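In: everything below, folded, please.
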Amino acid sequence: MAQEKPLLDSLTVLVETQKYDTALSYWEENRQFFGADENAAMLMAGQALENLNKEELALSIYKKALLAFEMSGETERIAEVNYRIYTLLDSQNNLDIESKSYFENFIKYAKRSNDPNWKAKASRELAIKEFENKDGTIAKKHFLDAIEHYKEVEDTYRVGASYANIGLLFLNNMKQSDSARHYFSKGLIIAKEIKNNDLQWNILLNTGNSYKFDQNYTMAIEQYKLAKALPIKKFALKKSLILAERLQECYGALKDYKNSEVQLKQILTIRDSINLLEQNKVISEINTKYQTEKKEQKNQQLQQINRYLIIGGLAFIFLGVSIALLIQKNTLKKRRLAEQQQEIERQKVTTLLKEQELASIDAMITGQEKERQRVANELHDDLGSLMATVKLHFENIKADKEDPALKNTHKLLDKAYQKIRGIAHAKNAGVMASQGLLPAVTNMAKNISATNKIEIEVMDYGLEERMENSMELMIFRIIQELITNIIRHADAKRATIQFTQHDDSLNILIEDDGKGFDTHQIDPRKSGIGLNNIAKRIEHLEGSFTVDSILGKGTSIIIDIPL
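Out: Predicted coordinates for the structure are as follows:
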C-alpha cells in the first residue's frame, strides 16, 4: 500500500505536465500495482488518451471508471467522470440522449455542492449550452456566475477567459460590437496582469474582428498587429496564418493593394511551412513506427528471421510510398496556391478596369448634363424670348380681332411658346437634380401631376444625405425615363415613387395602377420601351432591377443600388 500513492502521484504529474505519451506508457506498465488507486489512475489514463486524440479508448476507460466509482459510492468522483464523458462527447459533436444524462448528473452534483470549483464548471457548461441562442441573455448570466465562482477560487485565468467568452457572445450572437469590446477589454486587462500571451492573442484577434464587423478596417488592423507582436509558442504558425488572412482582407477592403500583396505572400509562405511541418511529422511518425517494428523484430531475430526480412522490406516500401505521396501532395498544394495568387491578380485587374469604366460613365453623364443645360438655356433665353417678342408684335397688329384666321394664329403662337417652355424645363431637369435627388424628383412629380392626367406621389424613408452628383443625376434620369414609360404606355391614373435608404444601399420602388403587361413576354434587356437603357445604367451602378407586372392591375419596379 505504501507504494500505491507515489505511483498515482507520478502519473498525475506526467498528465499535468502534458507528457501524455509517457503517462500512458507508465500507466500500462504499472496498472496492476495501483491497488486502491486503480480507478483514479484510470481517470488519468483516460485524460492522456483524450489529449492524444484517442477519444474512443478514452471513452471506454471513463465508462469503466464510472462504473467502479458508482459501486464504491464516491459521489465527487462520479460527478467528475460524468463531466469528463460529457465534455469528450461534446468535443466530438456526438451528443445524444445518453450524453445528456451525463450532463444532467454532473449539473445536479454541482448545484448541491458547496465547492465553488464545481459551481464554476457547471455555470460555464450551462453558458456554453446556451451559446448558440441569439438572445444571449441566459448565456451571459451563466458566464457572470462562473466569473464570481472563479474569483472565489482565485482562478484569474478563467475569469479573463470568461469575460472574453461574453465578448464573443455579444459579437457573434447579438451582433453588438461595442458591448463585445467592453468585455474584451476586461478580459485583456486580466490577461496582461497574469502575462498570458495566448489569452491576450485570442482577445486581440476577436477585438480586431469586432472592428472588422463595423467595417472600421483601420482599427481592426491595429488590433491584429498588437496580436502579431505577442510572443506565441503554441500553434504559432496557425495563429500567424489567421492574422495574415485577416490583415489581407482589411487592406483589400481599404484598397491598399501594396500591403494586401505583402500579407498574401506571408499567407503563402506560412501555408508552405505548415505543410512542411505536417509532412515532416508524418515522416517522423512513419520512421518511429518503423524503428519500433525493427526493434521488436530484432528481439525475435533468431526465431523469425524470414518474417523480419519480409516486414522490414514492407516497412521500407511503405515509407517510400508515403514520402512520395506526401511530396506529391505538397507539390499539388503549391500549384493550387500559385493558381489562387494568379486569380487574385486577375481580380485586381478586373476591379481597376471597372473603376476606369465608372469614371468614363461619370464623365459622360457630366457632359450630357452640361449639354442639356446649354440647350435649355438657348430654348428659354433665345428662342423663348424671340417667340414672346413675335407674340407681342402680333398682338399689336391692327386687324379684326375676331378674324378666325387671326384667332387660330394666336392660338398656334401660344401653343408653340408653351411647347418651347416645356422643352426648356424638361431639358433643365438635370440642373434641378444638382440641388439634390429628392427635390428634383419631387419637383418633376409636381409638374407632371399639375397636368391632371396622372397623380404622382413621392415618399422617402431615410433619404437625408446627398450622394455623389453623377450618381444622383443617373438615378434621376432612370426615374424620369420610367415615369415617361408609365405616361406613354400604362394608361395609369396614379403612380408612386418611394425611396428607402439603408446603411449600404438605396431601394427605389416605382408603382402604377395602369394596365400592366406580361413580364414573361418582355425581356428588360431586349425590350424596345426604354427598359434596355435603364437596365444598362443600373448595371453600371452595380445595382439590381426587378419588374413585376399583372395585366389589368398595374406594374411595380424595384431598384436596389449599393452606396
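
In: and the residue sitting nearest the centre point of the chain, how far from residue 170?
Out: Among the residues of the chain, the one closest to the centroid is residue 213, at 7.7 Å (C-alpha atoms, centre = their mean). The gap separating residue 213 from residue 170 is 11 Å, by C-beta to C-beta, to the nearest Å. For every residue, glycine as well, the C-beta is placed using N, CA and C.

In: common neighbours of those two, please.
Out: Here residue 213 and residue 170 have residue 177 as joint contacts, going by C-beta atoms under 8 Å, 6 or more residues apart in numbering.

In: rewinding a little: residues contacting the residue nearest to the centre of the chain?
Out: Residue 213 neighbours (C-beta under 8 Å, 6+ apart): 171, 175, 177.

In: for the stretch 101-250 of the chain, which segments count as helices?
Out: 116-129, 137-152, 156-168, 177-193, 197-213, 217-228, 236-253 (DSSP state H, counting those that start in this stretch).

In: residues near the residue nearest to residue 183 when sequence neighbours are not counted, how many?
Out: Spatially, and ignoring its direct neighbours in sequence, residue 183 is nearest to residue 167 (3.9 Å; C-beta to C-beta, 6 or more residues apart in numbering). Using other C-beta atoms under 10 Å, residue 167 has 28 neighbouring residues.

In: what's the pLDDT at residue 167?
Out: We have a pLDDT of 90 for residue 167.

In: what's near enough to touch it?
Out: If you count contacts by C-beta under 8 Å, 6+ apart, residue 167 has them with 179, 180, 181, 182, 183, 184, 187, 203, 206, 207, 210.

In: again, only this time at 6 Å
Out: 180, 183, 184 (C-beta atoms under 6 Å, 6 or more residues apart in numbering).

In: surely the last one is in contact with residue 207?
Out: Yes - judged on C-beta atoms under 6 Å, residue 184 makes contact with residue 207 at a distance of 4.8 Å.

In: residue 547 in helix, strand or coil?
Out: Secondary structure, DSSP: H, G, I helix; E, B strand; the rest coil: residue 547 is strand.

In: measure it to residue 458 for me?
Out: Between residue 547 and residue 458 the computed distance is 20 Å (C-beta to C-beta).

In: about what we covered before: got the contacts of residue 213 as JSON lines, with distance to residue 542 and neighbour count columns?
Out: Formatted as JSON lines, those follow (distance: C-beta to C-beta, whole Å; neighbours: other C-beta atoms under 10 Å):
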{"residue": "171", "distance to residue 542": "29", "neighbour count": "22"}
{"residue": "175", "distance to residue 542": "25", "neighbour count": "11"}
{"residue": "177", "distance to residue 542": "26", "neighbour count": "20"}
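
In: give me the domain ranges for this protein.
Out: 4-250, 437-562 (automatic domain parsing).

In: run the chain-centre distance for the last one.
Out: Think domain 437-562. Remark: domain 437-562 is offset 32 Å from the chain centroid, using C-alpha atoms, centre = their mean, to the nearest Å.

In: go on, the longest one?
Out: Here the centre of mass of C-alpha atoms in domain 4-250, compared against the chain's by C-alpha atoms, centre = their mean, lies 26 Å away.

In: ok, now how distant is the residue nearest to residue 183 from residue 267?
Out: 26 Å.

In: kindly report the same for residue 340.
Out: Taking C-beta to C-beta as the measure, residue 340 and residue 267 are separated by 9 Å.

In: looking at those two, which is more packed in?
Out: With neighbours defined as other C-beta under 10 Å, residue 340 and residue 267 compare such that residue 267 has more, 21 against 13.

In: the more buried one: what secondary structure?
Out: helix.

In: which residues touch it?
Out: 244, 245.

In: confirm residue 500 sits in a helix?
Out: No - if the criterion is three-state DSSP, then residue 500 is strand and not within a helix.

In: my guess is it contacts residue 506, does it?
Out: No - Residue 500 lies out of contact with residue 506 (C-beta under 6 Å); the separation is 7.5 Å.

In: which one of these two is surrounded by more residues?
Out: More neighbours surround residue 506 than the other of residue 500 and residue 506, with 21 against 15 (other C-beta under 10 Å).

In: can you tell me the closest non-neighbouring residue to that one?
Out: Nearest residue to residue 506 in three dimensions, chain neighbours excluded: residue 561, at 4.8 Å (C-beta to C-beta, 6+ apart).

In: strand partners (parallel or antiparallel) of the helix or strand that contains the one you found?
Out: Here residue 561, judged by DSSP states H and E, is contained in strand 554-562. Using DSSP bridges, the strands paired with strand 554-562 in its sheet are strand 505-512 (antiparallel), strand 544-550 (antiparallel).

In: in JSON lines, list these along with distance to residue 439.
Out: Listed next are those as JSON lines, based on distance: least, C-beta to C-beta, whole Å:
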{"stretch": "strand 505-512", "distance to residue 439": "16"}
{"stretch": "strand 544-550", "distance to residue 439": "24"}
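
In: please work out which of the ones you listed is packed deepest.
Out: Most buried of these, by mean neighbour count (mean count of other C-beta atoms under 10 Å): strand 505-512, with a mean of 20.
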